[in-house]
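Participant: next input, structure requested:
(chains A and B)
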Protein chains: 2
Amino acid sequence: MSGTGESDKTVKVARGLEGIVAAATHIAEVDGERGKLTLRGYDISNLSGKVTFEEVAYLLWHGSLPTKAQYDELCTEMSRARELPPQALAALDTLSECAEGMHVLRMGASMLSIGDPTVDSLDIASNQVRSARLQAQIPAIVAHTYRMRKGLPIVHPKPEHGLAQGFLYMLEGEEPHPARVDGLNAYLVAVSEHGLNASTFTGRVVVATDSDLVSALTAAIGALKGPKHGGVPGPVLKMLEEIGEPENAEAYIRAEILAGRRIMGFGHRIYKVRDPRAELLGDAADKMAELTGDRHLLRLTRAVEETTVKVLAELKPGRDLYANVELFAALILHAVRVPSELFTPCFAIGRTAGWTAHMIEQMEDGKLIRPNSVYVGPRGMQWAPMAERG
Amino acid sequence: MSGTGESDKTVKVARGLEGIVAAATHIAEVDGERGKLTLRGYDISNLSGKVTFEEVAYLLWHGSLPTKAQYDELCTEMSRARELPPQALAALDTLSECAEGMHVLRMGASMLSIGDPTVDSLDIASNQVRSARLQAQIPAIVAHTYRMRKGLPIVHPKPEHGLAQGFLYMLEGEEPHPARVDGLNAYLVAVSEHGLNASTFTGRVVVATDSDLVSALTAAIGALKGPKHGGVPGPVLKMLEEIGEPENAEAYIRAEILAGRRIMGFGHRIYKVRDPRAELLGDAADKMAELTGDRHLLRLTRAVEETTVKVLAELKPGRDLYANVELFAALILHAVRVPSELFTPCFAIGRTAGWTAHMIEQMEDGKLIRPNSVYVGPRGMQWAPMAERG
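Facilitator: A predicted model of the protein is given here:
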């Protein structure tokens, strides 16, 4: 065996595709310099609190907010789809005993071609309807598998529920308080779409082979599962619990930064200012606190944010690390009383809207996504019998 | 509602990432100009016929062909993994009644985190072992779900079988003829790896978020499912059947080209000459024909190739369309007597080796893959109440 070890190292590799513009999109604009997120031309702060998650999903898929007739049709389609195919339910019941979190969500999502005879169709209108159906099914998978895993009977959906209300109902088996439904809606709207992140890009690459939305959604869930992308929202809550009271924040944060540790919930690849979604989720948490009277975690979160920004400016000047969506996502999901093990699956529920919108846009584009690689390994190797290797 | 319709159209979009070098790889070199495919420095024609598929898989994962001790360890690991977790088997039994082909393979692959408590580990050695286990499990999923769907009892694997032999045994419940095992090995080696194609790239994007091999493999299967990537091998066989005899080839091919239709099994995005894998698969089919005495399809395929190249050169000069892997893949898989509905799943069995090798390489790289997009949609939209939309 021999290898010349030659390699072409002169080719420029766009590692991580950083700085490469891979798509022109009509869906979202993320302005990291000014801290602005717009969905189909609407500043997200112009929508938040005024629309249900379903309205935003419709906007992402179709490019305009729904009229009353369009909205009613959408809700009918989604409520019909929310009752999962019995074979998927049976399979998930078996799998839930040995799988959880994003793993079981990936398994469940992979099954959603069942009962969909035209799943392989590349027709755009058919895939807009399919997106609505998948959007309705993902929360059902999250709620059912959570209960299955706890040994509880599943709660079948009620047709009159909207998505946020229906999710909490399927999770708990009781009508949720409207404030919690509003809080969850605000969360889902905030995370519904955020441009060409790694999971959305994954979904577009899959669809670009003329594969189907179920394959692409399953792939996107697998990408969101990665801690570098879907984050690790559990630790934010754990940190808040460790700090305990607002007056402890400064000493804790200072000690963590001086020890070289990362403060959870701060910093973002794109935003150089405060993440606009932090604002919306803070407002939503504020509204919930008015109703519940429980302001403890909200006060604590705001104190941690203020202190961290101040201490970072002092100890790491020029780093521009501000609160990201993760800090306030933990706050609002905790206030809605979503179990912390479902934080990333809930992110997936919201992001399914943006994912499927991008998949449809990619389907319209129709071009295979296929970058090149450069070979940098050995050359001229020669086979030898097994006994002569080593 | 209003939108200014402004958009930034001056940014250069690398549509389909064409011409962008997204990775430096040590795994494969595809030389489209000279029709050469090398795996870890070995010309594939230097390996084909001399090695089992498992040896090539080991080469792709580890960078060197296995010694006897390494090979024995690999085979032990793979034969242990081939017996699927009972929960996955039970779930697939339920799902097979309503799903098939690449859809059910995606479902099965998504379950392979079961029984793997360290699936989320980013340790390289652990993921080399995981790759071997997944490589052993994919053929079991394909064989079992095929039988389940036909209402046949599954055939549990025998520990002494290699991958190709074991796959045919689990598919049929009988010891396969060694010539078929050799033919299948040649096929699996030929399709084991082919650079940064769309499915391999998908797997790398998923792993780059620090997600796991099962999520990435499931995603890659979803991408291979797309007809633009995994191809449509069924139609090649159908075409050969329609032509029937070598002497009919010229009239058929001429009529198809003059009618503006594509000849199945010809042309490749990268190869400007004959696909080197066509050669290997042709040789393997030749060897099988010597043993079986059945040369009909082989003669027909060669006649169709010769005629098509000749007629294309005459009618479409300069197009450089040569036989691709699909033409000879159909020939060899048909000779091995793999049911045609399993052609693309068999492609996935072989490509799992290359996919997982790339995933491990990406894990070593450690950088998130996250391109940019440019927004080209409307701006300045304003929310209006539902009753005022339309």
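
Participant: show me the contacts for the residue nearest to A:S131 when sequence neighbours are not counted.
Facilitator: Counting by CB to CB, 6 or more residues apart in numbering or on different chains, the nearest residue to A:S131 once its immediate chain neighbours are dropped is A:T356, at 3.7 Å. All C-beta spots, glycine's among them, are computed from the backbone N, C-alpha and C. Counting by CB atoms under 8 Å, 6 or more residues apart in numbering or on different chains, A:T356 makes contact with A:L60, A:W61, A:N127, A:R130, A:S131, A:L134, A:Q135, A:G203, A:L213, A:L217.

Participant: kindly format the C-alpha coordinates of the helix or strand harbouring A:T356 as CSV.
Facilitator: Element membership for A:T356, per DSSP states H and E: helix A:343-365. C-alpha atoms of helix A:343-365 as CSV (Å, rounded to 0.1, in the frame of the first residue of the first chain):
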residue,chain,number,x,y,z
PHE,A,343,-38.8,23.1,25.3
THR,A,344,-37.0,22.0,22.1
PRO,A,345,-39.9,20.0,20.8
CYS,A,346,-42.1,23.1,21.3
PHE,A,347,-39.5,25.1,19.3
ALA,A,348,-40.0,22.5,16.5
ILE,A,349,-43.8,23.0,16.7
GLY,A,350,-43.4,26.7,16.1
ARG,A,351,-40.7,26.4,13.5
THR,A,352,-42.6,23.8,11.4
ALA,A,353,-44.4,26.8,9.9
GLY,A,354,-41.2,28.4,8.7
TRP,A,355,-39.7,25.2,7.6
THR,A,356,-42.6,24.1,5.4
ALA,A,357,-42.8,27.7,4.0
HIS,A,358,-39.2,27.4,2.9
MET,A,359,-39.7,23.9,1.5
ILE,A,360,-42.5,25.2,-0.7
GLU,A,361,-40.4,28.1,-1.8
GLN,A,362,-37.6,25.6,-2.7
MET,A,363,-40.1,23.4,-4.6
GLU,A,364,-41.0,26.5,-6.7
ASP,A,365,-37.3,27.1,-7.3
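
Participant: could you identify the helix or strand that succeeds that helix?
Facilitator: strand A:372-375.

Participant: what about that next one, near chain B?
Facilitator: Yes: residues of strand A:372-375 contacting chain B under CB under 8 Å from any CB of the partner chain: A:N372, A:S373, A:V374, A:Y375.

Participant: who does that strand pair up with?
Facilitator: Each strand that pairs with strand A:372-375, with its direction, by DSSP bridges: strand B:21-25 (parallel).

Participant: ok, then the element right after the strand it pairs with?
Facilitator: Next helix or strand after strand B:21-25 toward the C-terminus (DSSP H and E): strand B:28-31.

Participant: now that following strand: average pLDDT?
Facilitator: Strand B:28-31 carries an average pLDDT of 96.

Participant: quick one: is the helix or strand following it near chain A?
Facilitator: Using DSSP H and E, the helix or strand that follows strand B:28-31 towards the C-terminus is strand B:36-39. Yes: counting by CB under 8 Å from any CB, chain A has neighbours in strand B:36-39: B:T38.

Participant: which of the contacts of A:T356 are buried, as a ChimeraX select command?
Facilitator: Listed next is the ChimeraX selection for buried residues among the contacts of A:T356, using 16 or more other CB atoms under 10 Å in any protein chain shown:
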select /A:60,61,127,130,131,134,135,203,213,217
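
Participant: now, which of the contacts of A:T356 lie within helices?
Facilitator: The members of the contacts of A:T356 that map onto helices under DSSP state H are A:L60, A:W61, A:N127, A:R130, A:S131, A:L134, A:Q135, A:G203, A:L213, A:L217.
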